[in-house]
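Colleague: need the 3D shape of this:
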Amino acid sequence: MNTTTQGYPQKTYTGPTKRWVQTMDLRNDSALIAEYRRRHAEGQIWPEILQGIKNCGLLEMEIYILGTRLVMICEAPADLDWNEAMQKMASGPRQAEWEAFMAEFQQCSADQRSDEKWQQMERMFHLYES
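Modeller: Predicted coordinates:
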């Protein structure tokens, strides 16, 4: 399937959800970007990191890339408290090690947590009625 013209399938949930959209820039180095992609390929992300994402309450996490720009979309139950979820994720097994492992590719400090690296984006347009 050509996802650039066909789109990406989305999960359906039984209850109300909400979404956060964040952005971060990678260092402008094609070799580093290729390695960053490889480390995020299926089967390459450490199992503790995937479990930590689930354990903090997120239902889905997607990362999109264009050049050096990353956009991450997180979906969660409507009652999720973002700050509590990020604290829980940050304290998970190997999370700090993962953040340091990824920092060489990102325009950030190696000691920053995920929620400090990723910047929340503001939704400026919404098609659907309230």
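Colleague: for His40, which non-adjacent residue is spatially closest?
Modeller: Leaving aside its sequence neighbours, His40 sits nearest to Ile63 (Cβ to Cβ, 6 or more residues apart in numbering; 6.7 Å). Every C-beta, even on glycine, is put in place using the N, C-alpha and C of the backbone.
Colleague: sec struct for the one you found, please.
Modeller: Classification of Ile63 using DSSP: H, G, I helix; E, B strand; the rest coil returns strand.
Colleague: list the contacts for the most centrally placed residue in the chain?
Modeller: Central residue check for the chain by Cα atoms, centre = their mean: the C-alpha nearest the mean position is that of Met72, 4.2 Å away. If you count contacts by Cβ atoms under 8 Å, 6 or more residues apart in numbering, Met72 has them with Val21, Gln22, Thr23, Met24, Met61, Glu62, Ile63, Tyr64, Trp118.
Colleague: how close does the first one sit to Glu62?
Modeller: Plainly put, Val21 is 10 Å away from Glu62 if you go by Cβ to Cβ, to the nearest Å.
Colleague: neighbour-wise, which of those two wins?
Modeller: For Val21 and Glu62, the more surrounded residue by other Cβ atoms under 10 Å is Val21, and the numbers stand at 15 against 12.
Colleague: isn't the more buried one up against Gln119?
Modeller: No. Counting by Cβ atoms under 8 Å, Val21 stays clear of Gln119, with 10.0 Å between them.
Colleague: for stretch 40-51, measure first residue to last.
Modeller: From its first residue to its last, stretch 40-51 covers 15 Å (Cα to Cα, to the nearest Å).
Colleague: change the start of the numbering to 159 and stick with it
Modeller: Shifting the count to begin at 159 puts that one at stretch 198-209.
Colleague: related to what we said a few turns ago, for the residue nearest to His198, name its beta-bridge partners.
Modeller: Per DSSP bridges, the residues bridged to Ile221 are Met230.
Colleague: what sits against it?
Modeller: Ile221 neighbours (Cβ under 8 Å, 6+ apart): His198, Leu228, Val229, Met230.
Colleague: what's the closest of these to Trp256?
Modeller: His198 (11.0 Å; Cβ to Cβ).
Colleague: what's the burial count for the closest one?
Modeller: By other Cβ under 10 Å, 14 other residues sit near His198.
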